[in-house]
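J.: Coordinates only, no sequence provided:
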């Protein structure tokens, strides 16, 4: 058979599941932003929670230990004790003993046992309940762990996964990639994007009417993109719902350290489950996810994450372990970073004061930035924005004027995509349209991070407000008026 | 609906494709070895090519640069120039300029553009032919890149991928996970595990008779587990075969620096393709894989890899890019390690002499170890072992006596698994049975790495020979005799 014309692999002949998945965080707007950079224009990437990408500095202790593990020959140099604090040197030596071969060797496919023990100790201190290193899988960021669970649970199109709407699109993309069915349950914007029992039941019942077997329920706490923090009662409700309906709970808790108010402190689902007692604590299957990418560390590039399995059948855990083994091991730098995050300098140690100060300064700055941007959005005509109680985002709703919706239609774009493309074009701000996360029919949102550095943050806020006023003035949405650099530039 | 008994996720109710995949490198023998360690016994892990895990030291320049990028505050310290060579400092500064946010920030999902350019320059120097950073994807090790291509190409069970037998089980595992059909073509042990045209055609024709659409052909050069190196004529034959039969070529070239003879130096498939001219060079779709885990770097734990696309349709490349974006970015430490490997110290630079000496010492040692173990195997009755021309493995054939095969059967094990389990029990050596890679019906092999450190290598060799003699003596396979610690311990 001679070669007929054309490629073997074409868009029309590759796997459908690959084409089916969408990931808006790096979607159309991001690609347009990338083109803009190639053209020499400025872009402020507020599309993704990538703190160091916007100038956030790494925490000192973590990087001191990591540098020494990376270059063990430094430990032989007598000057090392002048350049590094003693506790960082001691920790590096510890890792070099317990992580055989250091950063250069594959670890066990679930991750290094010593680091998994550090993760366990962290969880036990946080929750007051025991766990075991056998329940911990270290992964290349939390995303990989989420995908591992979904890959294992989804058998085909008649298996469904319940996911909040709006959601982080890792979930919709992965469910599509594994040919499962995405079953969205709506969060209630009017209640600050809180849980809504009716929505949960409606989504469940409709999916069942359609012949879908529901396998798992995802929740994100603190919420992405919503910024909502769940109460202990919310979590109890989710546990009961999972128990009653035979669902595995997937607790995306990657923003657990990003809490900006005291009304709803973070409580892990694991703790709530453990304290609910029989029959819940011994039977509800729970997988919890965490990462070094968020919190105050923000070490996205190191790709460190973990998942903790609770009440998961041993043979199922073994199958996940086997899947991990195909990739040999998660990257070891990310594993050690996770160990340090879970086991930071202790009170009385040489690095403790600096470490706590760095964390506090950053947390206070995030609180100010969250406040500032939410207030700015709520000060605009045609915009309402729920509180950013936690996580790294604001998710304002925009009441787009009829003329803007028509203009979007004429341009062949969804209205929120149109708004974000115009925003990018006029200000260099790269956000993600609400349609990438899911939003109620006829409503329009976008997500921005609160991460631009504080010394430029006001100009970012001004960019949003000035653009929005100009946009609304152009499309007759009331408000407007005042100074508009956006309009002036047209 | 109240919870009925039992778990939501059980072995019987998870995805079939997950259960279908097997990865022997971390399979039964590895798990037994892990148990042995938990019991406080020694294990020598020769199951996986993990040099640093067996004591190989990292190359100095790479780790110097990496440590400085990890801890940029060191660059502010005046003592840094006493502790690090100037070219390492300069390279670290360069990365900190071009890798925005350093190790802590997500990069582009295909990897950092500056590092991709370094990879391009490396490929152009190696091959004498141009490529573009747009063709390069940086990944968490080469395995991830292989899986990305297979995920994209395989639509379902009627799509087949041609894979050499014996193969590296990443391929069989991934094809199973994506529900494709594994189409093995036999390598010819009698020709040092070389290519065999008849086998290629037989496999192709049989698959087609079974209604399989063949999509891609994998080859591994230098070979894993075989140690075979392909000639330029072999590669031309593969290109013609791919062209004639409309197959995407997947060139696993991760061992390209591990060459232990001068008869068959490494030539990349990309170079061969480019030099074959019309119609091949402009039409045969090729994806080539490389890694920082092998070669003389052996930086497995950093999980750095790349793939280069040649003649791949742009929209297909875009879909792969979208898939990568779901995981945001490959780990940035692995990316920078890849950059350094592709762009090592240049002649005349401060670190050049040391760097070259470290590489040469290591290469010479690998050559000696390959020689030593192959000769030892060939000196044993009932064992034949082809040359380790390249890569990191020896793959001896064992003529198991009837009694041993019966004993394996009685133990419920495949004969080669039985042999490897006994080997582990008696010597602590953890190898991988030939059945994990595929072997001709009725033949038995195992794979060992050549990686135990040189000062312990002779004792490893002695462990193999002593065990084998005892095993053969026990099961009446002739030979035997002489000293057998194995038999003595029974």
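T.: In hand now; what should we look at? Predicted, not measured: the structure shown is a model, and the values here were computed from it. Numbering: from 1, shown residues only, chains lettered A, B, ... in the order given.
J.: number of nearby residues for residue A:209?
T.: For residue A:209, the count of nearby residues is 8 (other C-beta atoms under 10 Å in any protein chain shown). (Glycine included, C-beta is placed from N, CA and C.)
J.: how about the helices in the stretch 251-400 of chain A?
T.: Assigned by DSSP state H, counting those that start in this stretch, the stretch 251-400 of chain A shows helices spanning A:269-276, A:280-283, A:314-326, A:332-342, A:352-378.
J.: Next: the stretch 51-200 of chain A.
T.: Assigned by DSSP H, counting those that start in this stretch, the helices in the stretch 51-200 of chain A fall at A:60-70, A:80-83, A:86-98, A:113-127, A:141-153, A:170-177, A:197-209.
J.: Give me whichever of these is most buried.
T.: Mean neighbours per residue, mean count of other C-beta atoms under 10 Å in any protein chain shown, is largest over those for helix A:60-70, with a mean of 26.
J.: Which residues does that one contact?
T.: By C-beta atoms under 8 Å, 6 or more residues apart in numbering or on different chains, the residues outside helix A:60-70 that reach it are A:74-75, A:80, A:84-85, A:87-89, A:91-92, A:95-96, A:99, A:102-103, A:297, A:299, A:333, A:336-337, A:340-341, A:344-345, A:351, A:354-355, A:358, B:63, B:66-68, B:70-74.
J.: pretty sure residue A:269 is touching residue A:248, no?
T.: No. Contact criterion C-beta atoms under 8 Å: residue A:269 and residue A:248 do not qualify, at 11.9 Å.
J.: What about the residue of the stretch 351-490 of chain A found nearest chain B, how many residues nearby?
T.: Nearest residue of the stretch 351-490 of chain A to chain B (C-beta to the nearest C-beta) works out as residue A:451 at 10.8 Å. Neighbourhood size, residue A:451 [other C-beta under 10 Å]: 24.
J.: That one: what secondary structure?
T.: Here residue A:451 is coil, with the state taken from DSSP: H, G, I helix; E, B strand; the rest coil.
J.: For the closest residue to it other than its chain neighbours, which residues are in contact?
T.: Distances taken as C-beta to C-beta, 6 or more residues apart in numbering or on different chains place residue A:54 nearest to residue A:451, at 4.9 Å, with adjacent residues excluded. By C-beta under 8 Å, 6+ apart, the residues touching residue A:54 are A:44-45, A:449, A:451-453, B:101.
J.: Now restrict the residues you listed to buried residues only.
T.: Among the contacts of residue A:54, the ones that count as buried by 16 or more other C-beta atoms under 10 Å in any protein chain shown are A:44-45, A:449, A:451-452, B:101.
J.: just for the stretch 201-350 of chain A, where's the confidence low?
T.: For the stretch 201-350 of chain A, no stretch is flagged by pLDDT under 70.
J.: where do the strands sit along it?
T.: Listed in chain order, the strands of the stretch 201-350 of chain A (DSSP state E, counting those that start in this stretch) span A:213-220, A:248-252, A:286-291, A:305-310.
J.: and the ones you listed as CSV, adding mean neighbour count and distance to chain B?
T.: As requested, those are exported to CSV (neighbours: other C-beta atoms under 10 Å in any protein chain shown; distance: least, C-beta to the nearest C-beta, whole Å):
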stretch, mean neighbour count, distance to chain B
strand A:213-220, 23, 7
strand A:248-252, 27, 5
strand A:286-291, 27, 10
strand A:305-310, 25, 10
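J.: of these, which approaches residue A:436 most closely?
T.: Between residue A:436 and those, the shortest gap by C-beta to C-beta is with strand A:213-220, which sits at 14.6 Å.
J.: Could you list every helix and strand in contact with that closest one?
T.: helix A:141-153, strand A:159-165, helix A:197-209, helix A:232-245, strand A:248-252 (3 or more C-beta pairs under 8 Å, 6 or more residues apart in numbering or on different chains; DSSP states H and E).
J.: what are the pairing partners of it, and which direction each?
T.: According to DSSP bridges, strand A:213-220 forms sheet pairs with strand A:159-165 (parallel), strand A:248-252 (parallel).
J.: now residue A:304, nearest residue through space, not along the chain?
T.: Computed as C-beta to C-beta, 6+ apart, the closest residue to residue A:304 that is not its neighbour in sequence is residue A:334, at 3.1 Å.
J.: follow-up on the earlier one: now the weakest link among the helices of the stretch 51-200 of chain A, please, by mean pLDDT.
T.: When the helices of the stretch 51-200 of chain A are compared by mean pLDDT, helix A:80-83 comes last with a mean of 93.
J.: got the contact list for that one?
T.: A:68, A:74, A:89, B:74, B:77, B:79, B:83.
J.: quick one on the thing from earlier: thinking the residue of the stretch 351-490 of chain A closest to chain B is in contact with residue A:56, fair?
T.: Yes. Proximity of residue A:451 to residue A:56 meets the contact threshold set by C-beta under 8 Å, at 7.2 Å.
J.: From residue A:226, how far out is residue A:261?
T.: With distances taken as C-beta to C-beta, to the nearest Å, residue A:261 is found 14 Å from residue A:226.
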